[in-house]
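Sequence plus predicted model, see below.
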Amino acid sequence: MKRNAVFAALIVLALPAALALAQGPPPPPPPLTPLPPPLQPAGNPATTSKVNLGKTLFWDEQLSSARTVACGTCHRAASGGSDPRAQLGSAHSTNPGPDDLTPSADDITGSPGSVLHDATGALQWSSTFGLGVQVTGRYPPSNVNAAYDPLLFWDGRAGQVFLDPVSGDTVLTAGGALENQVLAPPVSTVEMGHIGRTWTDVASQVATAQPLALATHVPSDLTSWIAGRSYADLFVEAFGSVEVTGARIAMAIASYERTLFSTQTPFDSLIAGTATLTPLETQGFQLFGQLPCAGCHAASLMSDNQYHYTGVRPATDDSGRAVVTHAVQDLGAFKTPSLRNVSLRTAFMHDGRFSTLSDVIDFYDRGGDFTAPNKDPRIVPLHLTPQQKAALLAFLGRPLVDARVAAASAPFDRPTLYSEGSLTPEVLVGGVNGSSGAPPQPVALEPALLGNPTFTLGLTDALGGASAVLVIDDAEPPASGGIPTSGSFARIPTVLGGSGASAGYGSATLAVPSDPSQLGRVLYARWYVSDPAAPGGIASSPAVRITLFGPDGSVGTLGVLPGAGGGRVMHLYASQPNPFPVSTTVRFDLYERGSAKLTIFDVGGRAVRRLFDRANAPAGSYSLAWDGRDDAGRTVAGGVYFERLVTARDAQTTRVVRVP
């Protein structure tokens with residue numbers, strides 16, 4: 001289809017919607033033209049150094065107060081710029097919504113963020129999430145192509161005028177939506193921040209961090225640019241002086257995000273007249289233009305950057321744009337997302353209500369699920385046939401996907417995050433039951449990076465108000481037989497908060513020494529709780545295995561960890577995707593030839609599936625897929641599972657979540 005035919009199709013595409021509007025038809029849409037690079041605000045011109053600094057900061061989990069969440073944790077190109085962890089029905093990515101109950105009809109699929117904590121690192125009780133990871137109240141929109149939107153967030157609250165978050169001085173008089181968007185997550189107690197966190201706190205933490213110390217597999221060009229320098233050095237190159245400030249952090253990240261635009265899709269080739277679609281994709285494209293779809297998903301961006309109430313939920317569930325405008329007609333209205341790369345996303349709508357594009361098509365086919373006086377008049381039953389739905393689905397797939405986005409290749413390439421790797425603390429099995437009838441449970445998420453001043457381990461599901469002791473030792477502390485009187489690394493007593501048999505909680509925070517001699521040290525932590533209902537009066541948690549590591553995930557010469565049993569002889573990576581609905585890939589490295597078994601266990605410690613079992617496996621890298629089935633071929637229930645790799649001299653466990 002040549003360009004003039006595409007132009008004609010786009011002109012047709014908004015007519016049915018226009019006729020439906022009581023106030024008369026809108027002006028005709030402009031012709032489809034190639035999508036240009038995003039504009040840059042005059043006060044924040046992009047430079048190579050500033051973009052590189054922004055990319056470094058975007059992927060640095062040290063931007064968050066607990067060092068567990070980066071901007072890139074929730075925005076990944078291979079998932080269309082959104083969060084692959086946001087899976088419909090997964091407890092780990094479910095916000096209970098307005099009624100604060102789950103499961104219920106108003107549940108929201110959002111992004112896992114931080115455990116609620118204070119400035120000292122101590123974990124605090126959340127009335128909604130307890131000591132669990134909090135989940136955002138909206139599904140994360142894509143950051144790919146976000147630079148084309150004059151206002152950002154689902155409700156458009158990130159406006160054009162950018163003020164310094166500390167001084168309040170005007171930095172940008174226009175074009176600063178991306179800079180403003182950056183300001184929110186690092187100080188949000190749900191997403192990245194501690195209670196009361198300010199941008200002075202954020203900047204101070206960044207200034208003392210080693211750039212991307214928690215990341216591995218950093219793109220080579222970024223590694224070459226950082227070249228072992230400090231953040232002060234990087235800010236000098238990008239901004240001309242050493243000051244690390246909130247405004248500069250936001251400006252650098254925004255400059256990087258302005259490079260994340262996708263203009264190499266088959267749809268772009270179609271606009272240029274250099275490519276064609278398949279017959280089914282062509283039918284879907286033509287149908288898209290004949291239906292009201294493109295009245296909102298308009299022009300080359302596939303979005304009008306406007307706000308509409310479409311009947312996803314009752315308008316009063318989430319006020320949407322009305323929070324900003326205070327206008328009744330904006331109640332429950334949300335920004336039209338661009339459809340570029342839409343098929344890569346794991347959830348859809350502002351609340352992540354649907355898990356497939358087929359669900360979205362069915363929603364619009366039935367004219368939405370709820371109504372209100374301000375519902376967009378274009379949202380009416382469409383009475384599509386199965387063939388028409390299939391055609392629309394085909395058009396929304398391959399034609400709108402930029403292969404660079406799907407493959408996470410430059411400029412969409414990225415490091416591997418700490419939270420994706422195998423250096424996260426490993427919760428083992430075991431423990432002694434307490435008043436709740438089960439062992440109290442450890443909360444272990446934070447990095448044991450050398451020099452981390454606030455490494456925190458938590459405890460939940462224990463007896464409220466009880467005395468508790470955290471013991472950390474080079475050998476695994478025994479689960480029973482009383483509380484050890486010492487720990488080679490730490491022994492920290494505390495009194496738990498909460499009341500009741502399973503409502504007790506607490507945490508202990510300590511500094512990881514900045515001592516290279518500790519590199520690769522393997523420690524074991526266990527909580528002990530004074531509980532009259534426990535055998536011997538002491539309940540204990542499962543042990544937690546902790547590896548002290550250095551920048552870039554370094555754990556010692558050639559990746560071998562000195563530890564119990566003579567040294568780490570393998571490396572088990574966190575599986576991806578995680579959580580997963582259909583299949584996940586498990587990767588591991590063997591550093592020497594020998595026996596190796598990889599088994600999936602359920603939370604009760606029962607073997608579910610044996611993925612690998614060789615008596616004489618050669619050294620090398622291995623990659624295996626688990627399709628969510630047990631050894632008998634039955635699909636396992638949704639929930640938490642453990643992947644355990646065992647060799648003759650070592651063992652390692654990672655956790656994976658299957659969503660039904």
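Right, received. Where do you want to start?

Please count neighbours and contacts with C-alpha atoms only from this point.
Noted.

Any stretches of the stretch 451-600 of the chain with poor pLDDT?
556-568 (pLDDT under 70).

And for the chain?
Per-residue confidence of the chain (counting by pLDDT under 70) places the weak regions at 1-31, 556-568.

Residue 499 versus the residue nearest in space to the middle of it, what's the distance?
Centroid-nearest residue in the chain: residue 74, 2.9 Å away (criterion: C-alpha atoms, centre = their mean). Counting by C-alpha to C-alpha, to the nearest Å, the gap from residue 74 to residue 499 is 34 Å.

Give me the nearest residue to residue 579, chain neighbours excluded.
On the basis of C-alpha to C-alpha, 6 or more residues apart in numbering, the spatially nearest residue to residue 579 that is not a chain neighbour turns out to be residue 657, at 4.6 Å.

List the contacts of the helix or strand hosting the one you found.
When secondary structure is defined using DSSP states H and E, the element that contains residue 657 is strand 651-658. With contact meaning C-alpha atoms under 8 Å, 6 or more residues apart in numbering, strand 651-658 is reached by 90, 422, 426-428, 571-575, 578-582, 628, 637-646.

List buried residues within the residues you listed.
Buried members of the contacts of strand 651-658, scored by 16 or more other C-alpha atoms under 10 Å, are 90, 422, 426-428, 571-575, 578-581, 628, 638-646.

Among these, name the ones in strands.
Where the buried ones among the contacts of strand 651-658 overlap with strands, as defined by DSSP state E, the overlap consists of 426-427, 571-572, 639-646.

Residue 388 - that's part of a helix, no?
Yes - looking at residue 388 with DSSP: H, G, I helix; E, B strand; the rest coil, it is inside a helix.

gap between it and residue 270?
When residue 388 is compared with residue 270 (using C-alpha to C-alpha), they lie 21 Å apart.

if you count what's nearby, which of these two comes out ahead?
Neighbour count, other C-alpha atoms under 10 Å: between residue 388 and residue 270, residue 270 has more, with 19 against 16.

how far does stretch 399-406 stretch from start to finish?
Using C-alpha to C-alpha, one end of stretch 399-406 lies 12 Å from the other.

Let me fix that, I meant to ask about stretch 431-439.
Where stretch 431-439 starts and where it finishes are 6 Å apart, if you go by C-alpha to C-alpha.

and it, which residues are buried?
Within stretch 431-439, the residues that count as buried by 16+ other C-alpha under 10 Å are 431-436, 438-439.

can you list those in JSON lines and add secondary structure?
JSON lines is the format used below for those (three-state DSSP):
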{"residue": "431", "secondary structure": "coil"}
{"residue": "432", "secondary structure": "strand"}
{"residue": "433", "secondary structure": "coil"}
{"residue": "434", "secondary structure": "coil"}
{"residue": "435", "secondary structure": "coil"}
{"residue": "436", "secondary structure": "coil"}
{"residue": "438", "secondary structure": "coil"}
{"residue": "439", "secondary structure": "coil"}
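
In JSON lines: those residues, plus distance to residue 652.
Formatted as JSON lines, the buried residues of stretch 431-439 follow (distance: C-alpha to C-alpha, whole Å):
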{"residue": "431", "distance to residue 652": "18"}
{"residue": "432", "distance to residue 652": "22"}
{"residue": "433", "distance to residue 652": "24"}
{"residue": "434", "distance to residue 652": "27"}
{"residue": "435", "distance to residue 652": "30"}
{"residue": "436", "distance to residue 652": "28"}
{"residue": "438", "distance to residue 652": "24"}
{"residue": "439", "distance to residue 652": "21"}
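
and residue 393, what helix or strand is that in?
helix 386-395.

residue ranges for the helices of the stretch 401-550 of the chain, please.
403-407 (DSSP state H, counting those that start in this stretch).

so residue 230 makes contact with residue 212?
No - the pair formed by residue 230 and residue 212 falls short of the contact definition of C-alpha atoms under 8 Å, at 10.2 Å.

hang on, the earlier thing: against which helices or strands is the helix holding residue 393 packed?
Counting contacts by 3 or more C-alpha pairs under 8 Å, 6 or more residues apart in numbering; DSSP states H and E, the secondary-structure elements packed against helix 386-395 are helix 279-290, helix 357-365.
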